[in-house]
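In: Give the three-dimensional model of this entry:
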Amino acid sequence: RKIFVFCCAVSQKGFVPFEADNAKKRRFNKLEACCVWVSGAKDKTGRENKLLKKTQGLILKLNKLGENDALFTILTKDTQKLTAISKGIQSLKHKDFAALKLFCYSEMDLSSRGNLYYVSSAQIINNFYNLRSSVEKLSAATYIADVASIVADFAEGESEYFRFILNTLYFIEHSDECQNPISELKKLKCLFELRSASFAGFSPNTKRCTKCGKEKPLVYFDAYEGGALCSDCGGEYSDYIGEAAIKTIDFLCNSDLKSAFKMTVKNESMFDAINTVSEKYISEKTEYYYKSLDYLKSALGNKNSDDF
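Out: Numbers count the residues shown, from 1 in each chain. Sure, this is the predicted structure:
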């Protein structure tokens, strides 16, 4: 017994049917036509179509298109940034409505038409639901996504950076379980800024004076120069943060991530100083002004642990 399967040959003519034997002895209740979109096949409008393999990705940005559709910025697990459209996704009845929300980490099928990607289907892996439980956590996650979107252009192919982003979102989501949630968020912010700069190829110099190269006590940090300065080289355009803060920056940049994430904030004023230089540093090195940073600083500025 033979089954006719319609397959798409690699041809500019589109679909080419051919006969296939039932070699694997698969049982079919009815005759099925299987269609595969490949490069060269065109739809009724003449546009070329392509079915891509499943990919895992994080939704970094979401922009509504009209009343029904949406445009997504997606970061894949190999730190490749894609822009994709989902048709009708704004409807609550859409099958992928829950899997294509902001900050969702999902497995997706992506197809392309010309230079545009379309989300064919999506399934949730982790929606980081509790990021939305407070203004502070939501603003922190938004800032993380903005920084990741820019740094991804420098770190494409770095799957370790993608895992670092997911871990950061996880710790932000659970920051309210810490004794001082606001201090935890500030620590996660500067950790993400410093490590993101390192993944982008701009790891700050924290071992020697960036100007003179001497191993003197390092007490200044200069975002433009790219690292720590000694008391002789520091000046008007650098920030005095103290030797302990420089050593903390070195720990956040060079220790294993597990230890960095578990670090406890004991000196809040020191971490405020570190946050000041780390946000300057990531902005200087990526040459980008992050508008979401203003909203995050406003959300964290006058808060304490009792307000969380």
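In: give me every residue that touches A155.
Out: A155 is in contact with 79, 161, 199-201, counting by CB atoms under 8 Å, 6 or more residues apart in numbering. Glycine gets a C-beta too; all of them are placed from N, C-alpha and C.
In: let's see 6 Å
Out: 79, 161, 199-200 (CB atoms under 6 Å, 6 or more residues apart in numbering).
In: With S238 instead?
Out: Counted by CB under 6 Å, 6+ apart, S238 has contacts 220, 222, 229.
In: Of the residues you listed, just say which sits nearest to I124.
Out: Nearest to I124 among these, counting by CB to CB, is D222 at 43.7 Å.
In: quick one: that closest one from M270, how far?
Out: According to CB to CB, to the nearest Å, D222 and M270 sit 18 Å apart.
In: again with G57
Out: G57 is 37 Å from M270, by CB to CB.
In: Look at these two and report which has more neighbours.
Out: G57 (26 against 15; other CB atoms under 10 Å).
In: Let's verify the more buried one: helix, strand, or coil?
Out: strand (DSSP: H, G, I helix; E, B strand; the rest coil).
In: Could you find the closest non-adjacent residue to it?
Out: I74 (4.2 Å; CB to CB, 6 or more residues apart in numbering).
In: In contact with that neighbour, which residues?
Out: By CB under 6 Å, 6+ apart, the neighbours of I74 are 57, 82, 84.
In: let's go with 8 Å and repeat that
Out: Applying CB under 8 Å, 6+ apart, the residues contacting I74 are 57-60, 81-84, 108.
In: do you know how far the nearest residue to P204 once chain neighbours are set aside is from A197?
Out: Ranked by CB to CB, 6+ apart and with sequence neighbours excluded, the top spatial neighbour of P204 is G227, at 4.4 Å. As judged by CB to CB, G227 and A197 stand 11 Å apart.
In: Overlap of the contact sets of these two?
Out: With CB under 8 Å, 6+ apart, G227 and A197 have common neighbours P204.
In: quick one: the strands in the stretch 1-150 of the chain?
Out: 2-5, 18-21, 49-65, 69-76, 81-86, 105-113, 116-126 (DSSP state E, counting those that start in this stretch).
In: Quick check: phi and psi on the nearest residue to I59 once chain neighbours are set aside?
Out: Once flanking residues are discounted, I59 sits nearest to C104: 4.9 Å by CB to CB, 6+ apart. Main-chain torsions, C104, degrees, to the nearest 10: phi -70, psi 140.
In: And for C104, the neighbour number?
Out: C104: 23 neighbours (other CB under 10 Å).
In: Provide a list of residues in contact with it.
Out: Counted by CB under 8 Å, 6+ apart, C104 has contacts 58-59, 98, 124, 126-128.
In: one more time with 10 Å
Out: C104 makes contacts with 57-59, 62, 72, 74, 96, 98, 122, 124-129, as judged by CB atoms under 10 Å, 6 or more residues apart in numbering.
In: average pLDDT across stretch 140-148?
Out: The average pLDDT for stretch 140-148 rounds to 97.
In: nope, stretch 231-242 is what I was after
Out: Here the average pLDDT along stretch 231-242 is 92.
In: Which residue is the nearest non-sequential neighbour of E136?
Out: Nearest to E136 is A299, by CB to CB, 6+ apart, at 5.0 Å.
In: low-confidence ranges in this protein?
Out: By pLDDT under 70, the weakly predicted segments of the chain are 1-53, 302-308.
In: if I look at the closest residue to A99 other than its chain neighbours, how far off is G201?
Out: Take A99 and drop its neighbours on the chain: the residue closest to it by CB to CB, 6+ apart is A122, 3.8 Å away. Separation of A122 from G201 (CB to CB): 32 Å.
In: of the two, who's got more company?
Out: A122 (26 against 10).
In: If the more buried one is in a bridge, with which residues?
Out: In this entry, A122 is beta-bridged to M108, by DSSP bridges.
In: in this structure, which spans are helices?
Out: Shown for the chain, the helices assigned by DSSP state H span residues 135-151, 159-173, 181-199, 243-254, 257-262, 268-286, 291-301.
In: wait, doesn't A98 sit right on A122?
Out: Yes. Using CB atoms under 10 Å, A98 makes contact with A122 at a distance of 8.8 Å.
In: what is in contact with those two at once?
Out: In contact with both A98 and A122: 104, 106, using CB under 10 Å, 6+ apart.
In: show me what contacts T286?
Out: 147, 150-151, 153-154, 196-197, 200, 202.
In: Now, of the residues you listed, which are buried?
Out: In the contacts of T286, burial by neighbour count holds for 147, 150-151, 154, 196-197, 200, 202, counting by 16 or more other CB atoms under 10 Å.
In: want to throw those into CSV with distance to A260?
Out: Output for these, formatted as CSV (distance: CB to CB, whole Å):
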residue, distance to A260
V147, 17
I150, 21
V151, 17
F154, 20
S196, 13
A197, 14
A200, 17
F202, 18
